[in-house]
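# sequence-free structure coming up:
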């Protein structure tokens, strides 16, 4: 089964609207991956990803703008075991596209979210999709093993300024995200299942929303079952503890004075408890044919008699 991050990326690619802004997606991807560089020879766009669908998707967007890779490289990552695909784009067509995407302004790389491709709501959503394709991940509990992994959505950014801007962009959709720094990177993150669900809904990722809701329902059901089991075990422990104390009191009276020293009602309860060691108070009351309150009162009197003998 795909990881949840892979599911999100797959649905972004496969359900990307035909009329949505490819420029905004490219801008989001390029900025979170720090993929734009410039020197005397001109500007370069570098696309690096381990996700094959993402590579195909971005290559298609760039090709539709008549921008084609000048070099490609595929390396196997020893840690993840996945192929890391790298595509480099140069030339006049690349520079023209970068200007249209707002990634170059006044002859310099632009590191702020470009307003020219995020002015519309749909374009802002496209930018967020591109950012997730470039630096996003999302983990949820595993429904097959019921792991204790929580809910965690994040986008890895090269700078805190960009991370803050992405948080502001998410606020346009009432999505509250936070930032943190980790190993030299700045992270936009969400740890609430409900907020992650709202974000997936805003992005139009229904399939991923359904999987998230299914996991949440399963987790809630397991939590409720565990709570019920723990409660039952606790009640059993209390029953056993109470029974042991009661039997100890009865044994002390039997040894010191004999059960015949008790009046009939107390004697019946003492014998009933000895014969039904594992019965709860309610069960023992039913066996003896008396109310639970009456049983508790008689057991308390037996305990008081035992305490007086012990002293």
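Good, I have the coordinates. Fair warning: this is a prediction, and the values are worked out from it, not measured in the lab.
# show me the helices in the stretch 151-300 of the chain, by range?
160-171, 193-202, 206-256, 264-275, 281-288, 292-310 (DSSP state H, counting those that start in this stretch).
# and residue 151, what is it in contact with?
Shown here is residue 151, whose contacts under the criterion C-beta atoms under 8 Å, 6 or more residues apart in numbering are 139, 140, 141, 190, 191, 192, 193, 196. For the C-beta atoms, the positions are set from N, CA and C on the backbone; glycine is no exception.
# I'd like to know which of the residues you listed are buried.
When the contacts of residue 151 are checked for burial by 16 or more other C-beta atoms under 10 Å, the buried set is 140, 141, 190, 192, 193, 196.
# got those residues as TSV, with distance to residue 40 and pLDDT columns?
Written out in TSV, the entries for the buried ones among the contacts of residue 151 read as follows (distance: C-beta to C-beta, whole Å; pLDDT from 0 to 100):
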residue	distance to residue 40	pLDDT
140	47	87
141	52	81
190	42	96
192	48	90
193	50	89
196	45	94
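# grab the two from the residues you listed that are most spread out in space.
The largest separation in the buried ones among the contacts of residue 151, counting by C-beta to C-beta, is between 141 and 190 at 15.4 Å.
# now the weakest link among the helices of the stretch 151-300 of the chain, please, by mean pLDDT.
Mean pLDDT is lowest for helix 206-256 among the helices of the stretch 151-300 of the chain, at a mean of 69.
# I'd like the helices of the stretch 151-300 of the chain laid out as CSV, including distance to residue 24.
Conversion of the helices of the stretch 151-300 of the chain to CSV gives the following (distance: least, C-beta to C-beta, whole Å):
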stretch, distance to residue 24
helix 160-171, 11
helix 193-202, 15
helix 206-256, 20
helix 264-275, 76
helix 281-288, 66
helix 292-310, 69
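# out of these, nearest to residue 52?
helix 206-256 (18.4 Å).
# ok, for residue 295, nearest residue in space, not its chain neighbours?
Taking C-beta to C-beta, 6 or more residues apart in numbering, and ignoring the residues beside it in sequence, residue 295 has residue 285 as its nearest neighbour in space, at 4.4 Å.
# who's in contact with the one you found?
The neighbours of residue 285, taking C-beta under 8 Å, 6+ apart as the test, are 291, 292, 294, 295.
# out of these, which are buried?
So, of the contacts of residue 285, residue 295 end up buried under the neighbour-count rule (16+ other C-beta under 10 Å).
# ok, so of the contacts of residue 285, who is nearest residue 37?
Here the nearest of the contacts of residue 285 to residue 37, counting by C-beta to C-beta, is residue 292; it sits at 79.6 Å.
# from memory that closest one sits against residue 282, does it?
Yes: here residue 292 reaches residue 282: they are 5.7 Å apart, a contact under C-beta atoms under 8 Å.
# make a markdown table out of the contacts of residue 151 and add distance to residue 115.
Below are the contacts of residue 151 laid out as a markdown table (distance: C-beta to C-beta, whole Å):
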| residue | distance to residue 115 |
| --- | --- |
| 139 | 32 |
| 140 | 33 |
| 141 | 38 |
| 190 | 24 |
| 191 | 30 |
| 192 | 29 |
| 193 | 32 |
| 196 | 27 |
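# what's the most distant pair in those?
When these are compared pair by pair using C-beta to C-beta, the two farthest from each other are 141 and 190, 15.4 Å apart.
# who are the neighbours in contact with residue 114?
For residue 114, the residues meeting the contact criterion (C-beta under 8 Å, 6+ apart) are 27, 101, 102, 103, 105.
# the second one: what's it in contact with?
It stands for residue 101. Taking C-beta under 8 Å, 6+ apart as the contact definition, residue 101 lies against 23, 24, 26, 27, 30, 114, 117.
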